[in-house]
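In: sequence and predicted structure, then a few things I'm wondering about:
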Amino acid sequence: MALAERVQNIFESPKPVEGRLTTAIEQQTSKVPSVVYFNLAMASIATSLAIATTTKKAEWANFVGHWASAFMLIGIYNKLVKQFGRIDR
């Protein structure tokens with residue numbers, strides 16, 4: 001089956017489906033409290049600030065500081081999965 005046909009079948013299917021990997025990830029992340037991701041984001045910001053003020057390694061401070069947005073995004077995803085559940089096959 002051609003790629004275009006696969007994409008068309010996905011959009012025309014009456015019920016969206018999730019893959020096995022997505023289902024496994026959702027099952028594991030739903031076990032983690034949402035506040036954990038928030039705390040990881042705040043720790044990332046604090047660590048970035050500490051690196052920036054105590055060393056001359058601005059690249060490392062920026063690198064660690066960028067983790068905050070990823071942790072927050074994972075936390076939002078976690079919260080949505082908990083509230084709305086996963087999409088069953």
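Out: Everything's here; your move.
In: drop to CA atoms for contacts and neighbour counts, all remaining ones
Out: Fine.
In: which parts of the protein are strands?
Out: For the chain, no strands are identified by DSSP state E.
In: tell me who's in contact with the residue lying closest to Leu40 once chain neighbours are set aside.
Out: Distance criterion Cα to Cα, 6 or more residues apart in numbering; nearest residue to Leu40, sequence neighbours excluded, is Phe71 at 6.5 Å. Applying Cα atoms under 8 Å, 6 or more residues apart in numbering, we find Phe71 in contact with Tyr37, Phe38, Leu40, Ala41.
In: surely Ser48 and Trp67 touch.
Out: No: in this structure, Ser48 is not within contact of Trp67 by Cα atoms under 8 Å, at 9.4 Å.
In: re earlier: dump the contacts of Phe71 to a markdown table, plus neighbour count.
Out: Shown next, in a markdown table, are these (neighbours: other Cα atoms under 10 Å):
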| residue | neighbour count |
| --- | --- |
| Tyr37 | 20 |
| Phe38 | 19 |
| Leu40 | 17 |
| Ala41 | 23 |
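In: and these as JSON lines, adding pLDDT and distance to Thr54?
Out: What follows is the contacts of Phe71, written out as JSON lines (pLDDT from 0 to 100; distance: Cα to Cα, whole Å):
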{"residue": "Tyr37", "pLDDT": "93", "distance to Thr54": "25"}
{"residue": "Phe38", "pLDDT": "94", "distance to Thr54": "24"}
{"residue": "Leu40", "pLDDT": "96", "distance to Thr54": "21"}
{"residue": "Ala41", "pLDDT": "96", "distance to Thr54": "20"}
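In: center of this protein, which residue is that?
Out: Ile74 (2.7 Å; Cα atoms, centre = their mean).
In: what about it, distance to Ala52?
Out: 25 Å (Cα to Cα, to the nearest Å).
In: again, but for Pro33
Out: 30 Å.
In: who's more crowded, those two?
Out: Shown here are Pro33 and Ala52; by other Cα atoms under 10 Å, Ala52 has more neighbours (17 against 13).
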